[in-house]
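**Student:** predicted coordinates and the sequence they were generated for:
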Amino acid sequence: MLGRGGFAIVYEGEQVSLRRPVAVKVDSRPLTDERNRRRFQREMQATSRISAHPHVVTLIDTGMLPDGRPYLVMERCDGGSLADVVKDGPMPALEAVRVVEAVSRALGAAHAAGVLHRDIKPGNILLDSYGAPRLSDFGIAAIQRADSGATATLGALTPAYAPPEAFSEVEPTAAGDVWSMAAVLLRLLTGRGPRSGPDGRSLKLSAIMQSLLTPVDTSDPRIPPGLRPILDRALDPDPRRRFRDGNEFASALTTVLPTSSASGAEVTISRPITFEHPPTWQVDTPVPMTDRTEAPRQEDRRSLLWVGFVAAALVVGGMIWGTVSLLGGSPDPQAAPQPVVVTVTESAPPVRSAPPTTSAPPPPVTTAEPTPSVESSPSWPVNPQGLPATDDMPWPVGTCLLAALNDQEISSATEVPCDQANWHIFAGGSVDPSIPGERSSEALGIDPTVPEICSDHYAQLAGLDVGKPHEIRVMGTLPDEWQAGRRGFSCAYVEQ
């Protein structure tokens, strides 16, 4: 597996006939309606017409799994992405402009073919083994469109790079992609995106929503003066005043490039990029669309999905794809509860599960009485089912989530029917008030009751199958809640 996110998993594969490594992206959202399937195929056909562009990730094949989930087979880019590059700080202005001009030409080719991207960000601009930038993930945008309009779009966009109009129910346009591409350029030039705070971290959604119509500040001295008017126009809150498409934006960028660097020259990332391990592909992760006014619930990660046979010519991870964990069919949209998308939380390191037949040995005792077990007289509150629970838990017992990790710490989660969930909250409690810690994650690692509560014992008591591959994750409260004295935590059984 090369990467995973809230809506997709990318698998390492091989095109056997050519012995060529490929990436296979499987989306978790089934296209069960025949009309949507046809629409997806039409958009994939349009996307294939631009996949030969030198700065677009080549689309090799596409189709549907038996359960309706779409998949894409793409060339594999093993040089990482611009998200990896910007971790080292800003790029030289000339190099940044050349890179964005090149991928904007690719974006313009897509716009000319009638294809919008709708999720342009550093992580979706990959680098091939020669360092050339490649725009990826056009196909996922098509899946979003086939999925169901504005609600699906909001659930999948990346707020830090989404244009202002994406936060309202309006039809997307090529000018929205231009805004996102300009936001990437700003990040490359300054090390900060247009929606970052002083510390460089992305703003909370509430702050983003309040500033949607505020012009982006381009006064950073690292932005060349001749480039500022171009960025100001591309980042205008009003899409009617922006460059109309990727080609128009690219042409404007060409005017500030030296003649030797003008469009048509080969573009690569000049700085060496090395990895101790193969790079992890960034996969789309659902992001909170509304801040909660009451105590926010939070957190983390995706299940492995049943993949099935994509094509006889593809071998994934050196073995035939098989059943890993079959998700149930998509629920009736009339009967399914409205998804609740939530903010993120602190997370303690995962507690790896022991083999299913082995339980932790009881503590030694000096009396002749039987060894006390966890359930004999717990020192923490329990609910009527005997499961540890408190009122200040971030998520109450019984909550089912479709969740995803981001950098193993920051995550988003959506409350879903339990047959669609990969995270199951089975217990929780409160950190001892005497335990110090500036953040909940620090205190969670100290409190000795946390691993006793967040254990296979209580997961099994809650009816979860501890014989299957899984992790136990501990979720604490957000920093501001922690500082306000809210010390609850939730235990999650995470499917693997």
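**Tutor:** That came through fine.
**Student:** got the end-to-end distance for stretch 381-396?
**Tutor:** Start and end residues of stretch 381-396 are separated by 13 Å (C-alpha to C-alpha, to the nearest Å).
**Student:** pLDDT on it, on average?
**Tutor:** Per-residue pLDDT over stretch 381-396 has a mean of 89.
**Student:** show me what counts as buried in it.
**Tutor:** Neighbour counts over stretch 381-396 (16 or more other C-beta atoms under 10 Å) mark Val382, Leu387, Pro388, Ala389, Thr390, Asp392, Met393, Pro394, Trp395 as buried. Placement of C-beta: from N, CA and C, glycine included.
**Student:** what's the farthest-apart pair in those residues?
**Tutor:** Using C-beta to C-beta, the buried residues of stretch 381-396 reach their maximum pairwise distance at Val382 and Pro394, which is 18.0 Å.
**Student:** domain ranges for the chain?
**Tutor:** For the chain, whose domains are defined here by automatic domain parsing, the residue ranges read 3-261, 330-495.
**Student:** so which of the ones you listed is the most surrounded?
**Tutor:** The highest average neighbour count among the domains of the chain, using mean count of other C-beta atoms under 10 Å, belongs to domain 3-261 at a mean of 19.
**Student:** just the element for Arg35, please.
**Tutor:** Remark: Arg35 resides in helix 34-48, with elements defined by DSSP states H and E.
**Student:** C-terminal to that helix, what's the next element?
**Tutor:** Heading C-terminal from helix 34-48 (DSSP H and E), you reach strand 59-64.
**Student:** tell me the angle that next one makes with helix 34-48.
**Tutor:** 180 degrees (axes from the mean of the first three to the mean of the last three C-alpha atoms, to 10 degrees).
**Student:** got the angle for the helix or strand following strand 59-64 vs helix 34-48?
**Tutor:** Sequence-wise, the next helix or strand downstream of strand 59-64 (DSSP H and E) is strand 70-75. Between strand 70-75 and helix 34-48, the angle comes out at 10 degrees (the same axes, to 10 degrees).
**Student:** from here on, call the first residue 27.
**Tutor:** Noted, 27 is the first residue going forward, which turns the last one into strand 96-101.
**Student:** averaged pLDDT, strand 96-101. What do you get?
**Tutor:** Mean predicted lDDT for strand 96-101 stands at 86.
**Student:** can you check stretch 79-87 too?
**Tutor:** Mean pLDDT, stretch 79-87: 89.
**Student:** try stretch 230-243
**Tutor:** pLDDT averaged over stretch 230-243 gives 86.
**Student:** what do you get for stretch 163-182?
**Tutor:** 50.
**Student:** which one of the domains of the chain has the lowest average pLDDT?
**Tutor:** If you rank those by mean pLDDT, domain 356-521 sits at the bottom with a mean of 71.
**Student:** any idea which element the closest residue to Leu239 other than its chain neighbours lies in?
**Tutor:** Of all residues not flanking Leu239 in the chain, Pro263 sits nearest, at 4.7 Å (C-beta to C-beta, 6 or more residues apart in numbering). Using DSSP H and E, Pro263 sits in no helix or strand.
**Student:** what's near enough to touch Pro263?
**Tutor:** Contact analysis of Pro263 by C-beta atoms under 8 Å, 6 or more residues apart in numbering lists Pro190, Leu238, Leu239, Thr240, Pro241.
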